[in-house]
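[1] give me a 3D structure for the following:
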Amino acid sequence: MKIVARRRLYLVIIVSCLTIMGLFTQIKNKMQRGDENGGGDNNIPNQNIDLFPASNQAIPPRVLSPADIYRFRKQRGVNLGSWFVLERWLGSHPYRHAARPGQSDHDVARGSHAQETMEQHYEEWIKEHDFEWLSSVGVNTVRIPIGYYHFSKYLGAAYLDGTEFEGLAHVFQNTMHYIERAVDWAEKYNIGVHFDLHSAPGKQNHDDHSGRSGPEIRMWKKRNIEVLMQVLRFLVGHFSNRDNVVAIELINEPANNDDLLNLYNDILAQARSITHPHFPLAIGDAWDTGFYAGVVGQRKDFVILDHHLYRCFTEDQISASAFDHTGRCHAEYLDFLNDAKAKSRDSLIIGEWSGGLNPRSMHGHNHHEMVKMWSHAQLELYEKTAAGYFFWTYRKEWGGDVCWDFREAIKQGTLPGWLGGKRGLPQEGRATLEERDTRMREATNAHAGFWHNQGLQVREHWRFEDGFRRGWDDAVMFAYHRPHTNHVVARSELGFTGKWIEARMDEHFAYKGGSNNMWEFEHGWRQGHAAAVDAIGE
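    Numbering: from 1, shown residues only. Next up, the predicted model:
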């Protein structure tokens, strides 16, 4: 009876602490932490230097806020495309009164009945029951494209002066009402929201989905950069206090040039003057994935790298068969994304992907089976390599397209009917304190034995023990998390582990001090987290 009572008390403590306070306070770590990229005990540590005596004093427990759960968990999601930033190939109805050439938000806004047309579309394209359905199939996060012209409710009409939407602010005067309502609906069903600035002032790429028709890129004009900065400052300030807003993405698919990194750094610096360093901000990789993965990995604050993976547009992609692309998910694409994952410190998402293949890639084979094979291979790939991934897109006006319509792909079985990992909360009594401490002793003995056999003197095993406890408890707290709405369908689990471990190591340093053996804490955390996930089970 005592053991059962202790187990229940442990779970009550863990679950109750979820709603008390946020996890992190930024701590400036001025001391070397050794091997920060260590994962297993095969990483050779720096030479041992004892700066602080060994200690068994327990670090005061830290707790998780709802925002921590939303933002650091594995994100399995879908894009809500053509809701606020229109794309004609997804739905033509809003273009019925558009000005020529009738391919973008700018054309609709210049046409007749523009405000009425937009707001009718906002009401009808996606509704609350869509969020409920998404949750029922395991989706826990949505990526929502928005445009820089949507914010006149708060910024006034004049902020669009000098841009191509000057004089059109009235069309979007109520758009923020619908955007904010989307956040409310998502929260009700335990769904996070990743906002993506899909349309930047002047256009950031050649595509019509950047808000204006035509290929010319004008974002780099001085006035457009000023408006871009203003809009992103507003978005960060307005939404960073919403628990279920999991990221603001600075610019969607920007064309790369020598000035882009400086622009990213300027925007990030301004954003960090408004919000804390662990509010996630995302940057697009501009199709230079390795470079920007390194940029993200070198930053101390929480920055996410967004890569979009499509294989149906270029000539080499079109000429490759569905079997070739599927096979590359286990080789070329896997190596490519693993490299980005490592460089970004586990802060990689696939912001857009689909089941889309060119007809030439499927020639001579059953279309449905080829799309299913390709889609399932991608899901397996992203589960291994990414902290989050988002299918493009939720729906098309006409239905029937299993390559690009998420609802249709679920309905016809080219995507599995459940995408959420493990279902529901674990059974009560799993991963107890007694089991944690037993496994910690076993793991510590193995850790000590390994380094002894290597002939290296590693003497701060108490850091390993502390990391093991932290990793175990973190896994338990995520798994047993119940949001205030009590809506639990898919279980929460850590996704952005690199940044999470950095924050836990900062805490460890604050309470225990540092040395060149800080790597032992990380090794312990990773082993403790993995052991708890195993103990929790299905």
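[2] helix, strand, or coil at the nearest residue to residue 175 once chain neighbours are set aside?
    Nearest non-adjacent residue to residue 175, counting by Cβ to Cβ, 6 or more residues apart in numbering: residue 150, 4.4 Å away. Bear in mind the C-beta positions are built from the backbone N, C-alpha and C, glycine included. Secondary structure assignment for residue 150 (DSSP: H, G, I helix; E, B strand; the rest coil): coil.
[3] ok, residue 150 - contacts?
    When contacts are counted by Cβ atoms under 8 Å, 6 or more residues apart in numbering, residue 150 touches 84, 172, 175-176, 179.
[4] make JSON lines out of those residues and add distance to residue 222 and secondary structure.
    Shown next, in JSON lines, are the contacts of residue 150 (distance: Cβ to Cβ, whole Å; DSSP: H, G, I helix; E, B strand; the rest coil):
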{"residue": "84", "distance to residue 222": "27", "secondary structure": "coil"}
{"residue": "172", "distance to residue 222": "23", "secondary structure": "helix"}
{"residue": "175", "distance to residue 222": "26", "secondary structure": "helix"}
{"residue": "176", "distance to residue 222": "26", "secondary structure": "helix"}
{"residue": "179", "distance to residue 222": "28", "secondary structure": "helix"}
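[5] which one (most neighbours) among those residues?
    residue 84 (26 neighbours; other Cβ atoms under 10 Å).
[6] what about that one, distance to residue 448?
    Using Cβ to Cβ, to the nearest Å, residue 84 is found at 56 Å from residue 448.
[7] now do residue 458
    7 Å.
[8] give me the more crowded residue out of those two.
    residue 458 (19 against 14).
[9] the more buried one contacts residue 523, correct?
    No: at 10.1 Å, residue 458 does not count as touching residue 523 under the criterion of Cβ atoms under 8 Å.
[10] can you list phi and psi of residue 265 for me?
    For residue 265, the backbone dihedrals (degrees, to the nearest 10) come out as phi -60, psi -40.
[11] now do residue 309
    phi -120, psi 100.
[12] what's the answer for residue 390, then?
    Here residue 390 shows phi and psi, under degrees, to the nearest 10, equal to phi -140, psi 110.
[13] could you report the neighbour count for it?
    29.
[14] who touches it in this structure?
    Applying Cβ under 8 Å, 6+ apart, the residues near residue 390 are 75, 77-79, 141-143, 194, 349-353.
[15] in stretch 283-295, what counts as buried?
    283-286, 289, 292-293, 295 (16 or more other Cβ atoms under 10 Å).
[16] out of those residues, which comes closest to residue 95?
    Closest approach to residue 95 among the buried residues of stretch 283-295 (Cβ to Cβ): residue 284, at 26.5 Å.
[17] just say helix, strand or coil for the spatially closest residue to the closest one that is not a sequence neighbour.
    Counting by Cβ to Cβ, 6+ apart, residue 306 is the residue found nearest to residue 284 once chain neighbours are left out, at 5.1 Å. What three-state DSSP gives for residue 306 is strand.
[18] could you do residue 234 as well?
    helix.
[19] specify which member of the contacts of residue 150 is nearest to residue 486.
    residue 179 (25.3 Å).
[20] buried residues in the helix ranked longest in the chain, which are they?
    The longest helix of the chain (DSSP state H) is helix 433-453. Buried residues in helix 433-453, counted by 16+ other Cβ under 10 Å: 433, 436, 439-440, 443-444, 447, 451.
[21] put the alpha carbons of it into PDB.
    C-alpha atoms of helix 433-453 as PDB (Å, rounded to 0.1, in the frame of the first residue of the first chain):
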ATOM      1  CA  LEU A 433      10.400   7.200  -8.400                       C
ATOM      2  CA  GLU A 434      11.600   3.800  -7.200                       C
ATOM      3  CA  GLU A 435      12.100   2.600 -10.800                       C
ATOM      4  CA  ARG A 436      13.900   5.900 -11.700                       C
ATOM      5  CA  ASP A 437      16.400   5.600  -8.900                       C
ATOM      6  CA  THR A 438      17.100   1.900  -9.600                       C
ATOM      7  CA  ARG A 439      17.700   2.600 -13.300                       C
ATOM      8  CA  MET A 440      19.800   5.700 -12.400                       C
ATOM      9  CA  ARG A 441      22.100   3.500 -10.200                       C
ATOM     10  CA  GLU A 442      22.500   1.000 -13.000                       C
ATOM     11  CA  ALA A 443      23.200   3.600 -15.600                       C
ATOM     12  CA  THR A 444      25.700   5.400 -13.400                       C
ATOM     13  CA  ASN A 445      27.600   2.200 -12.800                       C
ATOM     14  CA  ALA A 446      27.700   1.500 -16.500                       C
ATOM     15  CA  HIS A 447      28.800   5.100 -17.200                       C
ATOM     16  CA  ALA A 448      31.600   4.900 -14.700                       C
ATOM     17  CA  GLY A 449      32.700   1.600 -15.900                       C
ATOM     18  CA  PHE A 450      32.800   2.700 -19.500                       C
ATOM     19  CA  TRP A 451      35.200   5.600 -18.800                       C
ATOM     20  CA  HIS A 452      37.300   3.600 -16.400                       C
ATOM     21  CA  ASN A 453      37.800   1.000 -19.200                       C
END
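[22] other SSEs contacting it?
    helix 2-16, helix 461-479, helix 518-536 (3 or more Cβ pairs under 8 Å, 6 or more residues apart in numbering; DSSP states H and E).
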